[in-house]
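1. sequence plus predicted model, see below.
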Amino acid sequence: MNDAIRWLFKQPRSIKRIISLLLDALFISVAFWAAFILRLEEVTMLGSGSHWLVLLATIPVTLVCFVRLGLYRAVLRYLGYHAIVTMFLGTVLSAVAMVLVAYYLDVFLPRTVPIIYCAFALLLCGGARTLARALYSQSTKKLKIPVIIYGAGSSGRQLYTSMQIGNEYRAVAFVDDNPNLQRAMLHGLTVFSASELPQLVARFGARKLLLAMPSISRQRRRDIVESLDGLSVEMLTIPGIADLVSGKSKVSELHEVSIEDLLGRDPVEPFAELIAANIRNKVVMVTGAGGSIGSELCRQIVQQQPSTLVLFETSEFVLYQIDQELTNWCREKDCKIRIVPVMASVQRQNRLEAVMNAFKVQTVYHAAACKHVPLVEYNVVEGVRNNVFGTWRAGEAAINCGVETFVLISTDKAVRPTNVMGTSKRLAELVLQGLALRQNNTRFCMVRFGNVLGSSGSVVPLFKRQIRGGGPITLTHEDITRYFMTIPEAAQLVIQAGAMGKGGDVFVLDMGEPVRIIDLARKMIRLMGYEEKTQTNPKGDIEIKVTGLRPGEKLYEELLIGGDESTTAHPRIRTANEVFLPWDEMLSLLTALNTACEAYDQPKIRELLLSAPAAFNPQDGICDLVWREGQEKRRAEKAVLSDECLVLSEKQEVTLA
C-alpha cells in the first residue's frame, strides 16, 4: 500500500491531474445522486433522463471551475488553507450551475438538494485529497528521522511547520519547561516535560533533539544540555534570535549545538569609550592578521570605524582570506575604511618601520606569534625568533615611528612555563616592559589569556574531526585542564584592555573556571549523538585514548605569576603586578640569545632561557628536531669510530703476538 502511494505521487503532473479530474467527476456524480436520495428518501430519480442531463451539464461546469480556480495546480502533499477555499468556491459555483441547468431544462429540483449536494461534493473532493495527503505522509514517515523538539513556543511551532514540508525529519513530541504547556496538544503532538526525555527517546526511537529556543542565554542553554546528560541523541539548535531578526538565518536552519555556547559565558556589554578609544578614526595595524585571534581582532576593529586597517601577515593564503572578508564587509556596509594587506615578517624591523611610516600607524595589536607548544619545542630557534625578537623588532619600530599604543597578545602559558613557547612569550612581555621603561612616547601593554575555542590550535576542531572519523579521541592526560574563552569575547576584551594601558601593564582576562579536557571530550561525544566506548560499555561508539603529555605540555595552566593582581573598571579585566628587567639587562640577555640563535647553539639557548626571570621549568630535554638528529648522527659516528679503533687495536695486538 505504501509503495503504491509513493509510486502514484512520483508520476508526472499530467497523469496526476487526469486522475484527479476523473475522481472529481465521480465524486460530483455521487454527491448529486446522494443529495436526491437524502432529500426524497427514494432512488426513483436514478432512472430519470432529465436528471442525468442536469448531472452531465454540472460535471464539466464544476471541473472547469476547479481548473480556473487553480485547484489542480496545488501540490497535494502541501495541501493547505488555499486549496480548501478553492474547493468551497468551486462546489458553490457547481451548485449554482446545477440550479440554472435544472431551471432551463424545467427539471424538478427540490430547494435543499443544491445545499446538500454542495456539502457532499466538498466533503468528497476535499476529504479525498486530505486522505491522500495523510496516506502519503504515513508512507514516508519511516523514511524520516524521528526527532523531539525542545521548546513549544513560537519558534518550536515554526520549526514543526518547516519540518512538515521537508523530507528529512519528523517530529514525534514536544518538550517544554513551562508547566502551563505540558500535556497540551500542538499540531497533534503532546507537550512533555524535560524529565520525561529518556522515556520519550526510548519510546519513539528519537535520534535527534532540536533545541528551538533561540533567545535563551548561554548559561540557560548550558543548563539544559547538562540536564540531558546521558542521552545518546544528537543535539541541534536553530540560529540565535539576532540572526533570525536580522534575516541572516531561518528557523528551519539547524546547526550543531556549539561547544562554544556551552563553555562560553554570556558576554558583558563592551564599554563604548574603551572599545573605540584606540580605533575610531585612527590608523590601526594588526600583526598576524590572518590567525585565529588576529582575524577576529580585525573583524571587531572594522566595526569601530578606523580610518585605515593594515593587515600585517606572513602567510599569503590567510592574508588573502581576511582581506577578502573585510573588503566585502566594508562594501556591504558602505564603510569608507581602507583595508591594506601587507605580506611581511615581524622579524624585519626595516619592513615594519616602512609600513608604519607609510600609513602613519597609531595603534598596533601584535598577534603574530608561534603558539603551538609541541611545534615550538621541535623548532626552538624559529619559535624564539618569532616570539621574542619579532616582538622586540615590532616594539622598536613602533617607538621609532611614533605609534601611540602597542598591545601584545600574550598567553597563560607564559606563567611559570614548562615549554619554550610559554617562555618565549614571557620574554616578549619582559621586552615590552623594558621598552616601556626606556621611553614615554609609545604606550606598551600586554593582555594575557588562555585557550580560545575554535582557534587553529584548539582541541575542539580536533575532537570533532576524530568523532566524525569514528574515533578514537586522543587525550594527553586524564587530569589535564585548560581555561577557555570564545574568540569574539577574547578579541573584544583585548581591545578594551589596550585602551586602559598606561605603560608596561600586564592585563589578565577573567577566563572563568578551568575545564577538564576529558569532560569536554565526553560532552562533545554526547552532543554529536554518540556514546563513549569504555570497558563497562564495550558497544559504545567513540573511545577516548590517553596518549601521554606532549613535550613541554602542562597539566594545569595559570594566569598569574605571583598572585598579585588588581581590578580595573571592567569586571573581566585585571592587572598583574609582576617582576621585570631594566632595559640594560634585558638588552644584554637579548644580545646573548641572538648570538646563540645565530650559532644554532641549542644548549646555550636553553641555558639563557633558564637564566631569564621567566621561571622556566622544563619537563623535557632539548626537543629541537634538527638538533636531536644531529646529535644522533654524531653519536652514531662516534660509535663507528670507536668500533674502528677497537678493530685496529685488535689487529695490532695480533701482529705483536
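-> That came in fine, so what should we check first?
2. where does pLDDT dip in the stretch 101-250 of the chain?
-> Applying pLDDT under 70 to the stretch 101-250 of the chain flags the ranges 127, 130, 132-143, 165-167, 229-230, 239-250.
3. could I get the full set of helices for it?
-> Under the criterion DSSP state H, counting those that start in this stretch, the stretch 101-250 of the chain contains helices at 112-140, 154-165, 197-204, 218-227, 241-246.
4. tabulate those helices (TSV), appending distance to Thr534 and mean neighbour count.
-> Every residue, glycine included, has its C-beta placed from N, CA and C. Output for these, formatted as TSV (distance: least, Cβ to Cβ, whole Å; neighbours: other Cβ atoms under 10 Å):
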stretch	distance to Thr534	mean neighbour count
helix 112-140	38	18
helix 154-165	35	17
helix 197-204	20	15
helix 218-227	20	16
helix 241-246	38	13
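5. same list (those) but as JSON lines, adding distance to Asn357.
-> Converted to JSON lines, these look like this (distance: least, Cβ to Cβ, whole Å):
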{"stretch": "helix 112-140", "distance to Asn357": "68"}
{"stretch": "helix 154-165", "distance to Asn357": "54"}
{"stretch": "helix 197-204", "distance to Asn357": "63"}
{"stretch": "helix 218-227", "distance to Asn357": "44"}
{"stretch": "helix 241-246", "distance to Asn357": "41"}
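6. nearest to Ala497, of those?
-> The closest of the helices of the stretch 101-250 of the chain to Ala497 is helix 218-227. By Cβ to Cβ, the value is 21.9 Å.
7. which stretches in the stretch 501-650 of the chain count as strands?
-> For the stretch 501-650 of the chain, the strands defined by DSSP state E, counting those that start in this stretch occupy 505-509, 515-516, 532-533, 542-546, 565-567, 573-576.
8. so what strands line up beside the last one?
-> Looking back up the chat, that one is strand 573-576. For strand 573-576, the paired strands and their directions (DSSP bridges) read strand 505-509 (antiparallel), strand 565-567 (antiparallel).
9. hey, which of these is tucked in deepest?
-> strand 505-509 (a mean of 24; mean count of other Cβ atoms under 10 Å).
10. off-centre distance for it?
-> Offset of strand 505-509 from its chain centre (Cα atoms, centre = their mean, to the nearest Å): 28 Å.
11. residues making contact with it?
-> Here strand 505-509 makes contact (Cβ atoms under 8 Å, 6 or more residues apart in numbering) with 410, 429, 433, 445-449, 485, 490, 493-494, 497, 500-501, 559-560, 565, 568, 572-578.
12. could you do stretch 90-109 as well?
-> 28, 32, 50-51, 53-54, 57-58, 61-62, 65-66, 69, 71, 114-115, 117-118, 121-122, 125.
13. got any ranges where the stretch 551-657 of the chain has weak pLDDT?
-> Counting by pLDDT under 70, the ranges of the stretch 551-657 of the chain that qualify are 552-554, 556-565, 637-657.
14. for Phe317, find the nearest of the helices of the stretch 101-250 of the chain.
-> Nearest of the helices of the stretch 101-250 of the chain to Phe317, taken as Cβ to Cβ: helix 241-246 at 28.3 Å.
15. surely Glu313 and Met285 touch.
-> No - the criterion here is Cβ atoms under 8 Å, and Glu313 misses it with Met285 at 10.8 Å.
16. related to what we said a few turns ago, can you add distance to Arg351 and give the strands paired with strand 573-576 back as JSON lines?
-> Shown next, in JSON lines, are the strands paired with strand 573-576 (distance: least, Cβ to Cβ, whole Å):
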{"stretch": "strand 505-509", "distance to Arg351": "28"}
{"stretch": "strand 565-567", "distance to Arg351": "37"}
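17. break the protein down into its domains, please.
-> Listed domain ranges for the chain are 2-140, 144-257, 272-603 (source: automatic domain parsing).
18. what about the last one, start to end distance?
-> This means domain 272-603. With Cα to Cα, to the nearest Å as the measure, the ends of domain 272-603 fall 49 Å from one another.
19. ok, Arg351 to Lys282 distance?
-> Going from Arg351 to Lys282 by Cβ to Cβ, to the nearest Å gives 22 Å.
20. same check on Arg39?
-> When distance is defined by Cβ to Cβ, Arg39 is 88 Å away from Lys282.
21. the two: which is more packed in?
-> More crowded of Arg39 and Lys282, by other Cβ atoms under 10 Å: Lys282, with 21 against 17.
22. give the contact list for that one.
-> Pro306, Ser307, Gln362, Thr363.
23. what is the most widely separated pair among these?
-> Across the contacts of Lys282 (Cβ to Cβ), the longest gap, 11.2 Å, separates Ser307 and Thr363.
24. give me the common contacts of those two.
-> In contact with both Ser307 and Thr363: Lys282, Val283, using Cβ under 8 Å, 6+ apart.
25. next, the distance between the ends of stretch 409-416.
-> Stretch 409-416 has an end-to-end distance of 17 Å (Cα to Cα).
26. what about Ala358, how many neighbours?
-> Around Ala358 there are 12 other residues, counting by other Cβ under 10 Å.
27. for it, give me the pLDDT.
-> For Ala358, the pLDDT comes out at 95.
28. same deal with the one 5 residues further on?
-> Among the per-residue scores, Thr363 holds a pLDDT of 94.
29. tell me which stretches of the stretch 451-600 of the chain form helices.
-> 459-468, 487-500, 517-527, 583-598.
30. give me the angle between the second one and strand 505-509.
-> Looking back up the chat, that one is helix 487-500. Here helix 487-500 runs at an angle of 150 degrees relative to strand 505-509 (axes from the mean of the first three to the mean of the last three Cα atoms, to 10 degrees).
31. what lies in contact with helix 487-500?
-> Against helix 487-500 from outside (Cβ under 8 Å, 6+ apart): 264-265, 267, 270-271, 273-275, 277-279, 292-293, 296-297, 299-301, 304, 363, 365, 405, 407, 409, 445, 447, 449, 452-455, 507, 509, 568-570, 572-573.
32. return a selection command, for use in PyMOL, containing the buried ones of those residues.
-> In PyMOL, this line selects whichever of the contacts of helix 487-500 come out buried by 16 or more other Cβ atoms under 10 Å:
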select buried, resi 264+265+270+271+274+275+277+278+279+292+293+296+297+300+301+304+363+365+405+407+409+445+447+449+452+453+454+455+507+509+568+570+572+573
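33. which of the contacts of helix 487-500 fall in helices?
-> Counting by DSSP state H, the contacts of helix 487-500 place Glu273, Leu274, Ile275, Ala277, Ser292, Ile293, Glu296, Leu297, Arg299, Gln300, Ile301 in helices.
34. show me what contacts the third one?
-> Read it as Ile275. Gln300, Gln304, Gln492, Ile495, Gln496, Ala499.
35. could you do the last one as well?
-> Ile301 is in contact with Ile279, Val284, Val286, Leu309, Tyr365, Ile495, counting by Cβ under 8 Å, 6+ apart.
36. quick check, nearest of those residues to Lys208?
-> Closest to Lys208, out of all of the contacts of Ile301 and judged by Cβ to Cβ, is Ile495, at 38.5 Å.
37. in CSV: the contacts of Ile275, plus pLDDT and distance to Val355.
-> Formatted as CSV, those follow (pLDDT from 0 to 100; distance: Cβ to Cβ, whole Å):
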residue, pLDDT, distance to Val355
Gln300, 91, 21
Gln304, 91, 21
Gln492, 86, 26
Ile495, 88, 21
Gln496, 88, 25
Ala499, 84, 23
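38. hey, what's the closest residue to Thr237 other than its chain neighbours bridged with?
-> Distances taken as Cβ to Cβ, 6 or more residues apart in numbering place Leu211 nearest to Thr237, at 4.1 Å, with adjacent residues excluded. Note on Leu211: beta-bridge partners Tyr150, Thr237, judged by DSSP bridges.
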